[in-house]
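Student: Mind looking at a prediction? Sequence and model below.
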Amino acid sequence: MRIFVLDKNLKTLDPCHPARARELIKKGRAKVFKCYPFTIVLQNRIVEESTTHSHRIKIDPGSKTSGIVVVQEKTGRVTNALEISHRGQQIKNSLESRRALRRGRRNRKTRYRKPRFLNRTRKAGWLPPSLESRIANIETWVRRIRKVCPIAAISQELVRFDLQQMQNPEISGIEYQHGVLFGFEVKEYLLQKWGRKCAYCGAENVPLEIEHILAKSKGGSNRVSNLCLSCHSCNQSKGNKP
């Protein structure tokens with residue numbers, strides 16, 4: 001964990017080692033500018049007299065805590081690491097408490113008033129308060145770090161992956177519910193129910209297909225009570241017959 005450094009004109013310099021910062025403060029060549037993140041300001045140096053290196057902020061967002069790391073671009077050395085704790089659960093609890101208090105007050109004070117709960121609108125780009133707080137926390141700390149460190153770039157880990165879209169780029173709607181395990185539990189239930197054999201000819205140790213007792217073309221449904229198992233030949237022979 002290195003110490004952020006500013007010149008006498010409050011321009012950013014490279015972070016220094018804590019021992020170096022203590023020495024500068026002890027000799028009177030620097031003063032404490034900010035306690036957190038700890039930053040010192042030099043009394044007799046400006047940016048033109050020093051060589052600065054560009055740094056990069058790397059962000060690892062999370063639901064409860066997010067990590068921020070400051071890395072020197074040239075060497076890849078980590079100079080600072082921070083962990084931000086979010087208030088998502090606290091905000092949720094506060095909103096629920098406010099909701100209960102308001103509902104109780106309405107029941108006591110305005111019990112005869114006509115309900116007005118469908119007149120609420122949300123602005124474009126609305127986010128839940130807990131998520132909005134999480135974003136604001138990260139943005140705030142990024143701005144604070146940029147004021148005390150020469151930041152040239154920002155990187156963020158993208159943690160959302162749509163695995164089904166990676167396999168099928170044109171997937172949409174209800175197709176997301178029909179994954180590779182779609183119908184697996186139903187098939188296992190039917191195998192146990194019908195003794196792992198064809199419901200019509202009793203054939204065993206052959207590939208079995210899920211068959212509708214009352215065909216869908218005749219008004220049948222996909223309910224488990226309307227399903228049975230049959231071999232391929234029996235399934236084709238039955239067709240949509242009852």
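Tutor: Structure's in. What do you need?

Student: residue furthest from the geometric center of the chain?
Tutor: Note on the chain: the largest C-alpha distance from the chain mean falls to residue 201, namely 52.1 Å (CA atoms, centre = their mean).

Student: Provide a list of residues in contact with it.
Tutor: 230-231, 233-234 (CB atoms under 8 Å, 6 or more residues apart in numbering). Every C-beta, even on glycine, is put in place using the N, C-alpha and C of the backbone.

Student: now, the most widely separated pair of those residues?
Tutor: Farthest pair in the contacts of residue 201 (CB to CB) is 230 and 233. Separation: 8.5 Å.

Student: So if I had to pick from those two, which one is more boxed in?
Tutor: Taking neighbours as other CB atoms under 10 Å, residue 230 and residue 233 compare with residue 230 leading, 24 against 13.

Student: Check the gap between that one and residue 200 for me.
Tutor: Distance of residue 230 to residue 200, computed by CB to CB, to the nearest Å: 5 Å.

Student: cool, residue 126 as well?
Tutor: 56 Å.

Student: Of those two, give the one with the bigger neighbour count.
Tutor: Neighbour totals were compared for residue 126 and residue 200, and residue 200 leads with 16 against 9 (other CB under 10 Å).

Student: could you show me where the strands are in the protein, in order?
Tutor: Ranges of strands in the chain, per DSSP state E, are 3-6, 12-16, 30-35, 38-42, 55-60, 65-72, 78-85, 151-156, 209-212, 227-230.

Student: Need the winner for burial among these.
Tutor: Mean neighbour count (mean count of other CB atoms under 10 Å) peaks for strand 3-6 among the strands of the chain, with a mean of 24.

Student: what ranges of this structure fall below the confidence cut-off?
Tutor: 47-49, 159, 180-183 (pLDDT under 70).

Student: tell me, which helix in this structure spans the most residues?
Tutor: helix 88-109 (DSSP state H).

Student: what residues does that helix touch?
Tutor: 63-64, 113, 129-131, 133-134.

Student: Return the set of buried residues in that helix.
Tutor: Within helix 88-109, the residues that count as buried by 16 or more other CB atoms under 10 Å are 88, 91.

Student: CA atoms of it as PDB?
Tutor: Only the C-alpha atoms of helix 88-109 are listed here, as PDB (Å, rounded to 0.1, in the frame of the first residue of the first chain):
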ATOM      1  CA  GLY A  88     -27.300  -2.800  -0.600                       C
ATOM      2  CA  GLN A  89     -28.900  -4.800   2.200                       C
ATOM      3  CA  GLN A  90     -29.200  -1.700   4.500                       C
ATOM      4  CA  ILE A  91     -30.900   0.300   1.800                       C
ATOM      5  CA  LYS A  92     -33.400  -2.600   1.200                       C
ATOM      6  CA  ASN A  93     -34.200  -2.800   4.900                       C
ATOM      7  CA  SER A  94     -34.600   0.900   5.200                       C
ATOM      8  CA  LEU A  95     -37.000   1.000   2.200                       C
ATOM      9  CA  GLU A  96     -39.100  -1.800   3.700                       C
ATOM     10  CA  SER A  97     -39.200   0.000   7.000                       C
ATOM     11  CA  ARG A  98     -40.400   3.200   5.300                       C
ATOM     12  CA  ARG A  99     -43.000   1.300   3.400                       C
ATOM     13  CA  ALA A 100     -44.400  -0.300   6.600                       C
ATOM     14  CA  LEU A 101     -44.500   3.100   8.400                       C
ATOM     15  CA  ARG A 102     -46.200   4.800   5.500                       C
ATOM     16  CA  ARG A 103     -48.800   2.100   5.100                       C
ATOM     17  CA  GLY A 104     -49.600   2.200   8.800                       C
ATOM     18  CA  ARG A 105     -50.000   6.000   8.700                       C
ATOM     19  CA  ARG A 106     -52.300   5.800   5.700                       C
ATOM     20  CA  ASN A 107     -54.500   3.300   7.500                       C
ATOM     21  CA  ARG A 108     -54.700   5.500  10.600                       C
ATOM     22  CA  LYS A 109     -55.100   8.900   9.000                       C
END
